[in-house]
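In: Build the 3D model from these lines:
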Amino acid sequence: MTLSGAPGVVVASVDAALAGGAPLVQLRAKEGSDRFRYELAREVVTRCHHAGAWCLVNDRADIALAAGADGVHLGADDLAVAAVRALVGPQLVVGATCRDPASARRAEAEGADYLGVGPAYATTTKSGLPEPIGAEGVGRVAVAVDLPVIAIGGVTVGRITELLDAGAYGVAVAGAAFATGSAETSAATTELVAALDRWARSPA
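Out: From the prediction side, this is the model:
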């Protein structure tokens, strides 16, 4: 689950997603002072860990370290994976956004632990994104590396099977779970997790 928004909304969404069974929450805090982002991250990390879930912080390795998060996710314009790995050492998970085999192999060589690959489909939760690569594009990246590939962008329950069949290890969602209130977020999260479980249990 990928979260962004006003503090109260973020915390309520975290609680709802965790109640629905989200195993990991990624926090995107794009605005506010560093102190504000740290305090928000610390609150989200605490709630995630209390529920037995992981928490990653988007972009900011320093805030991830200070807040006790489990890792940091890096976008294409953030610090290079190698630089962040040198900063955090082996103690944090480091993820990188990629959309093609070449960038995926580079991130793998620099020490990434997983790749966020996309946008798989068109999405309105983030502006300025390149054209969607589809399940086929996700699959091309998955076969190029030995890292887990997480499909991102426009992911819905109905698209999970084709993404996992293409080679994705998992999916990250925002709009599919957080477009409405807390009750709906919890129910949507439960449905998404159930779809992943069904695929994992299905015959090969």
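
In: From now on I want contacts and neighbour counts done on CA atoms only, so please keep to that.
Out: Will do.

In: could you point out which element follows the worst-scoring helix or strand of the chain on mean pLDDT?
Out: Here the helix or strand of the chain ranked lowest by mean pLDDT, DSSP states H and E is strand 2-3, holding a mean of 56. Following strand 2-3 in sequence order, the next helix or strand is helix 7-19 (DSSP states H and E).

In: in that following helix, what's buried?
Out: For helix 7-19, burial by neighbour count (16 or more other Cα atoms under 10 Å) applies to 7, 10, 11, 13, 14, 15, 16, 17, 18, 19.

In: quick one: low-confidence ranges for this structure?
Out: Along the chain, segments meeting pLDDT under 70 span 1-7, 176, 178-181, 204.

In: which residues of it fall in helices?
Out: All helices of the chain, identified by DSSP state H, fall at 7-19, 34-50, 61-67, 81-88, 101-109, 134-142, 160-166, 175-178, 182-201.

In: And for residue 185, nearest residue in space, chain neighbours not counted?
Out: residue 177 (5.0 Å; Cα to Cα, 6 or more residues apart in numbering).

In: Next, count neighbours for residue 89.
Out: Per other Cα atoms under 10 Å, the neighbour tally for residue 89 reads 12.

In: Actually, residue 155.
Out: 24.

In: any idea how far residue 63 is from the nearest residue to it once chain neighbours are set aside?
Out: Computed as Cα to Cα, 6+ apart, the closest residue to residue 155 that is not its neighbour in sequence is residue 173, at 5.9 Å. In this view, residue 173 and residue 63 are 22 Å apart by Cα to Cα, to the nearest Å.

In: One more: residue 20?
Out: 26 Å.

In: Figure out how far stretch 127-146 is from the centre of its chain.
Out: Offset of stretch 127-146 from its chain centre (Cα atoms, centre = their mean, to the nearest Å): 15 Å.

In: Would you mind writing the CA trace of it as PDB?
Out: Taking C-alpha atoms only, stretch 127-146 is exported to PDB below (Å, rounded to 0.1, in the frame of the first residue of the first chain):
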ATOM      1  CA  SER A 127       1.100  13.200 -12.400                       C
ATOM      2  CA  GLY A 128       3.900  13.400 -15.000                       C
ATOM      3  CA  LEU A 129       4.300   9.600 -15.400                       C
ATOM      4  CA  PRO A 130       5.500   8.000 -18.600                       C
ATOM      5  CA  GLU A 131       3.300   5.800 -20.800                       C
ATOM      6  CA  PRO A 132       2.200   2.600 -19.100                       C
ATOM      7  CA  ILE A 133       4.200  -0.500 -19.900                       C
ATOM      8  CA  GLY A 134       1.500  -3.100 -19.200                       C
ATOM      9  CA  ALA A 135       1.900  -6.600 -17.800                       C
ATOM     10  CA  GLU A 136       4.100  -7.500 -20.700                       C
ATOM     11  CA  GLY A 137       6.500  -4.600 -19.800                       C
ATOM     12  CA  VAL A 138       6.600  -5.700 -16.200                       C
ATOM     13  CA  GLY A 139       7.400  -9.200 -17.300                       C
ATOM     14  CA  ARG A 140      10.300  -8.100 -19.400                       C
ATOM     15  CA  VAL A 141      11.900  -6.500 -16.400                       C
ATOM     16  CA  ALA A 142      11.100  -9.500 -14.200                       C
ATOM     17  CA  VAL A 143      13.000 -11.900 -16.400                       C
ATOM     18  CA  ALA A 144      16.000  -9.500 -16.600                       C
ATOM     19  CA  VAL A 145      16.800  -9.600 -12.900                       C
ATOM     20  CA  ASP A 146      16.900 -11.800  -9.900                       C
END
